[in-house]
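A predicted structure for the sequence below; I have some questions about it.
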Amino acid sequence: MDSPFPPARVPDGDAPDYLARLNPEQRAAIETTDGPLLVLAGAGTGKTRVLTTRFAHILLSGRARPNQILAVTFTNKAAREMRERIGALLGAPVEGLWLGTFHSLCARMLRRHAEYVGLSSSFTILDTDDQIRLLKQVIEPRRIDTKRWPPQGIMGVIQRWKDRGLTPQRVSKAEDSDFADGKCREIYADYQKRLIQLNACDFGDLMLHMTEIMRTHPDVLAQYHRFFRYILVDEYQDTNTIQYLWLRLLAQRGEGPANICCVGDDDQSIYSWRGAEVENILRFERDFPGAHVVRLERNYRSTRQILGAASGLIAHNEERLGKTLHPGREDAEGEKVRVISVWDSDDEARMVGEELERLHNDGHPLSECAILVRAGFQTRAFEERLITIGLPYRVVGGLRFYERAEIRDALAYMRVLSQPSDDLAFERIINVPRRGIGNTGLQKLHLHARARDIPLTAAVLEMLAAGQIKGRAREHLAALMKCFGQCREDLPREGHVVVVERLLEESGYLDMWKADKSPDAPGRLDNLKELVRALADFESLGGFLEHVALVMETEENAGNERLSIMTLHGAKGLEFDTVFLPGWEEGVFPSQRTLDEGGAKGLEEERRLAYVGITRARLRAIISHAANRRIYGNWQSAIPSRFVEELPPEYVHATGDATRARHNAAMRSPVFGATPFPVVARRRAVVDVTTSDTPARKTAFPIGTRVFHQKFGYGTVTSVEGNRLEVAFEKAGPKRVIDTFVEQVS
DNA sequence: GTGGAGCGATTTTTT
DNA sequence: ATCGCTCCAC
């Protein structure tokens, strides 16, 4: 240790105060600094705390300087959180950390060694849309039936190969038989070639190129070996093969065992479908001989009842390292996990709504409640119900900011502004708004560009000059190119914020949305405003675009007093006082797809998902299953999920609500219970609104106010009753809504 | 080049 | 049922 940080070492014997309030296992996980270490961190056992304290401990004990620790996470959110907490522990923000996602760290490394794979260090990182667009170009000349073999499917095959660390040369013929008549390998090779020509990378390439460089250039690898003294990995159970290879290259140096610490939980491995290999964590001790293993099993989050139910459930899995959660607090007895049987999915939504109202009225904050579903289609029933009873919610997940069409369009404009040779970006916006360039026009442009070996923008200029573009397209394109040219010229003088704003204005892009009559157009304009605002946080356009490519998220307005609806996958890492777990039926959860093709492994993963769901709850977990559910338009009867049976009965309170459910159903449909009568259901909904004891407030929306609603669009208030409005929506017709769901428009 | 009709798919999501 | 995408006719 030539250069301790900070200079003063913590004296042995006296434990420094950042270690004081940790339990013995947590301390072991932190103080076992040298050699390979696997920390099996059960849900709610203080994983992040261990990770960040360990990081701080390595620094404060003088074992390494900040830039000698490599700390890897999966999401930007996790990286950000870690950075903040380390800063808090050290009392000051630390600069120059190698702390980030696998992909951002690889991007950073790859910029230094890009030339080894034929890229220049200014390579661009493509988003999913660009990838598909490029792949389509590669597929096109090959006479492949894109009905049978859609580009997305081929992209999936390629990505899987990349996940496994296979460059086109490394893909064996045998690997490439099933999909697209065995042409995937050629397509993959072409696609990679085109990426290099464009000086671009997709996400998989960041890992693939960097791993390939380290594999084939021992000098580069040695450099990183000298550089990184300690490696920390979060969520190790989610690593795929390429991430594993990348880590192993960095960790397995010749002299002595590596200081690699992987933190994870095999029971929370739920991402095999995107390439994650649970085996990586199961195999850790064999991969790193002499590894220490620390189990964190004291849970400080949930009640004893919840932990008992979750542990009993996960014990049905075979493939696991084995861990049992114990309550960390003595007072954590709690209520039993409730299992509620209902008649159909409408009853389920109604039941959840009623429970939520009760909790809300008892003073439990809605922000501490969540509905966790297996699949996206389940959210709709709950949304409708919550709108009816007027409980504010938000659906977490959905499309994120940078995935929205208008944001991607605007970013494409910026990319062309900053890099005229960015063909994929230019292709995206050349006809947005409509400029009279269709498929054939674009083909001609491509032909010209390829023939002259120039970017598309240059091809446009040449073809305009040569009079090869006619009619309306000619004027529009000339105007567009002039606009880009002018903006590019103004950029250094006026700054990127002003110029981008002008570009979006003068190119006609903003006008396109202003003229759009659809209900979500105003929201899109707001998003664009937000995007331009975010631009100001960066010094240059290039810096902003790099950030966006890697960090595809913005801080969502958290909306404090709202309950959350999200998928179980989306809930991983979060916690709530109260968690609703609806749809525990065979075919929904576990999902039909898994039952059909996932085998025993798939089922175990579904069970882990159930385990993740239950362990999100601090105080209350409410599981429900319906006897009948509408799937893709028709009603189907369903039996309770096997996971319900697997819950240990001593921790469960089953509300045998089947009687009431059947009664409700009988009232609704005298002949066949399985086909509920929607009209009655709707009337019941209205009754519920008026009998609800949610206090009515004074509303700020007098009759005649023009309002906007996220789901229903524009409308005019026709009557007011406390905080409940009746609004005549222009598109959706008359609806009753709660005032918090609409905003006034002028 | 644009817009409408018909077709098929429809778990989970990050970077 | 619903949405998104492709194909075809104007």
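Alright, I've got the coordinates.

longest single helix anywhere in chain A?
helix A:471-494 (DSSP state H).

just the buried residues of stretch A:527-545, please?
A:527-528, A:531-532, A:534-535, A:538, A:541, A:544-545 (16 or more other CB atoms under 10 Å). Yep, even glycine has a C-beta here, placed from its N, CA and C like the rest.

for stretch A:617-629, same thing?
Buried residues in stretch A:617-629 (16+ other CB under 10 Å): A:617-629.

among those residues, which lie within strands?
A:617-629 (DSSP state E).

in the longest helix of chain A, what's buried?
Buried-residue list, helix A:471-494, by 16+ other CB under 10 Å: A:473-474, A:476-477, A:480-481, A:483-484, A:487, A:491.

cool, and stretch A:156-168?
By neighbour count on 16+ other CB under 10 Å, the buried set for stretch A:156-168 is A:157-168.

and if you look at stretch A:263-274?
Buried residues in stretch A:263-274 (16+ other CB under 10 Å): A:263-272.

what do you get for stretch A:352-369?
A:352-353, A:355-357, A:359-360, A:364, A:366-369.

in helices only, show me those residues.
Reading helices off the buried residues of stretch A:352-369 with DSSP H, I get A:352-353, A:355-357, A:359-360.

between the ones in strands among the buried residues of stretch A:617-629, which is closest to residue A:643?
Relative to residue A:643, the closest of those is residue A:623; by CB to CB it sits at 8.4 Å.

list the beta-bridge partners for that closest one.
Residue A:623 has these beta-bridge partners by DSSP bridges: residue A:339, residue A:581.

close enough to count as contact, it and residue A:336?
No - Residue A:623 lies out of contact with residue A:336 (CB atoms under 8 Å); the separation is 11.0 Å.

rewinding a little: restrict the ones in strands among the buried residues of stretch A:617-629 to contacts with DNA strand C.
Residues of these in contact with DNA strand C (CB under 7 Å from any atom of the strand): none.

between those, which is nearest DNA strand C?
Among those, residue A:629 lies closest to DNA strand C (CB to the nearest atom of the strand), at 12.8 Å.

wait, does stretch A:369-385 contact DNA strand C?
No - under the criterion of CB under 7 Å from any atom of the strand, stretch A:369-385 makes no contact with DNA strand C; the nearest approach is 8.5 Å.

that stretch: which residues count as buried?
Quick answer for stretch A:369-385 (16+ other CB under 10 Å): A:369-374, A:378-379, A:381-383, A:385.

just the ones in helices from the residues you listed, please.
Among these, the members falling in helices (DSSP H) are A:379, A:381-383, A:385.

which stretches in the stretch 401-550 of chain A count as helices?
A:405-418, A:423-429, A:439-452, A:456-465, A:471-494, A:496-506, A:509-514, A:521-535, A:541-550 (DSSP state H, counting those that start in this stretch).

now do the stretch 51-200 of chain A
Using DSSP H, counting those that start in this stretch, helices in the stretch 51-200 of chain A cover A:76-90, A:102-113, A:128-139, A:151-163, A:184-197.

can you pull out the residues in contact with stretch A:412-432?
A:124, A:126, A:129-130, A:133-134, A:198, A:200, A:408-409, A:411, A:437-438, A:442, A:445, A:449, A:455-458, A:477, A:480, A:484, A:487-488, A:491, A:499-500, A:503-504, A:507, A:509, A:512, A:541-542, A:544-545 (CB atoms under 8 Å, 6 or more residues apart in numbering).

repeat that for stretch A:576-584.
For stretch A:576-584, using CB under 8 Å, 6+ apart, the contacting residues are A:339, A:345, A:348-349, A:352, A:355-356, A:359, A:364-365, A:368-374, A:378, A:382, A:564, A:589, A:610, A:613-614, A:616-626, A:629, A:640-641, A:643-644.

got the residues of chain A near DNA strand C?
So far as CB under 7 Å from any atom of the strand goes, chain A lies against DNA strand C at A:146-147, A:632-633.

pick out the residue of chain A closest to DNA strand C.
residue A:633 (3.3 Å).

residues in contact with the closest residue in space to residue A:136 that isn't next to it in sequence?
In this structure, residue A:136 finds its nearest non-sequential neighbour in residue A:151, 5.2 Å apart by CB to CB, 6 or more residues apart in numbering. Counting by CB under 8 Å, 6+ apart, residue A:151 makes contact with A:132, A:135-136, A:139.

before we move on, what about residue A:311?
By CB under 8 Å, 6+ apart, the neighbours of residue A:311 are A:324-325.

which residue, other than its chain neighbours, is closest to residue A:189?
residue A:168 (3.9 Å).

ok, now how distant is that neighbour from residue A:196?
With distances taken as CB to CB, to the nearest Å, residue A:168 is found 12 Å from residue A:196.

cool, residue A:591 as well?
From residue A:591 to residue A:196 the distance is 39 Å (CB to CB).

could you do residue A:116 as well?
On the measure of CB to CB, residue A:116 and residue A:196 end up 12 Å apart.

what sits against whichever residue of chain A sits closest to DNA strand B?
The nearest approach of chain A to DNA strand B comes at residue A:438, 1.7 Å away (CB to the nearest atom of the strand). Residue A:438 sits next to residue A:431 when contact means CB under 8 Å, 6+ apart.

got phi/psi on it?
phi -100, psi -160 (degrees, to the nearest 10).

host element of the nearest residue to residue A:619 once chain neighbours are set aside?
Spatial nearest neighbour of residue A:619, excluding adjacent residues (CB to CB, 6+ apart): residue A:577 at 4.7 Å. Here residue A:577, judged by DSSP states H and E, is contained in strand A:576-581.

now do that strand: distance to the chain's middle.
Centroid separation between strand A:576-581 and its chain, computed with CA atoms, centre = their mean, to the nearest Å, is 20 Å.

give me the buried positions along it.
A:576, A:578-581.

only C-alpha atoms, please: export that strand in CSV.
Listed next in CSV are the C-alpha coordinates belonging to strand A:576-581 (Å, rounded to 0.1, in the frame of the first residue of the first chain):
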residue,chain,number,x,y,z
PHE,A,576,-43.3,-0.9,1.4
ASP,A,577,-45.4,-1.1,4.6
THR,A,578,-48.2,-2.8,2.7
VAL,A,579,-47.9,-5.0,-0.4
PHE,A,580,-50.8,-6.4,-2.4
LEU,A,581,-49.9,-9.4,-4.4
